[in-house]
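Colleague: the following block contains a protein sequence and its predicted model.
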Amino acid sequence: MNEKLDAIVKGNKDNRDFEAHEIYTLYDYFNLCGEEYLFYRRGYIYPEVWRSWVAGMKFYHDDKRIQRLWADELSSQSYYGLDISKEIKQLSLKPEA
C-alpha cells in the first residue's frame, strides 16, 4: 500500500485530479487509519505506536489533494471518530517518550 500511496503523492506534481484507482487506494488507506484509531482508543495499540502511525498519516495528509479528499470523507462520520487534524496537532504537542 505504501508504494501506491507514494506514487499518488509523487504524481501530484501537476495538481491533477485523482484517477479512480487512486481514490480507491486512498479510501482503503483511510479505512485502515480509522480501524487503527479504533484499536488505539480501545487500548490494543500502544500510544508510542499510535504516534508513529499519526506521523505516517501526516505525511500523506500534507498533500493538499489528499487533505481535501480526507476532509470530505471524515465528514461522513464513517471512521470511528478519527479527526486527523486533531491527531496531527496533538502529535506536535506531545514530546517523545
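Modeller: Okay, I see it.

Colleague: going by C-alpha atoms from here, please, whenever you check contacts or count neighbours.
Modeller: OK.

Colleague: show me what counts as buried in the host helix or strand of K10.
Modeller: Using DSSP states H and E, K10 falls within helix 2-10. For helix 2-10, the neighbour count (16 or more other C-alpha atoms under 10 Å) marks I8, V9 as buried.

Colleague: and what of stretch 16-26?
Modeller: F18, T25, L26.

Colleague: who's in contact with Y79?
Modeller: Applying C-alpha atoms under 8 Å, 6 or more residues apart in numbering to Y79 gives the contacts F30, N31, C33, G34, E35.

Colleague: low pLDDT regions in this structure?
Modeller: Under the criterion pLDDT under 70, the flagged ranges of the chain are 12-14, 94-97.

Colleague: would you state the helices of it in chain order?
Modeller: Taking DSSP state H to define them, one finds helices in the chain at 2-10, 20-41, 47-61, 64-74, 84-93.

Colleague: residue closest to the middle of the chain?
Modeller: Central residue of the chain (C-alpha atoms, centre = their mean): M57, 3.8 Å from the mean position.

Colleague: tell me, how many residues neighbour the closest residue in space to D83 that isn't next to it in sequence?
Modeller: What sits nearest to D83 in space, not counting adjacent residues and going by C-alpha to C-alpha, 6 or more residues apart in numbering, is L74, at 7.3 Å. Neighbours of L74 under the rule other C-alpha atoms under 10 Å: 18.

Colleague: I figured L74 hits S85, correct?
Modeller: No: L74 sits out of contact with S85 when judged by C-alpha atoms under 8 Å, with a separation of 10.4 Å.

Colleague: on that earlier part again, filter the contacts of Y79 down to the buried ones, PyMOL style.
Modeller: In PyMOL, a selection of the buried entries from the contacts of Y79 looks like this (16+ other C-alpha under 10 Å):
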select buried, resi 30+31+33+34
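
Colleague: need the contacts of Y79 in CSV with distance to I66, can you?
Modeller: Listed next are the contacts of Y79 as CSV, based on distance: C-alpha to C-alpha, whole Å:
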residue, distance to I66
F30, 10
N31, 14
C33, 14
G34, 15
E35, 19
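
Colleague: sweet, I'm off.
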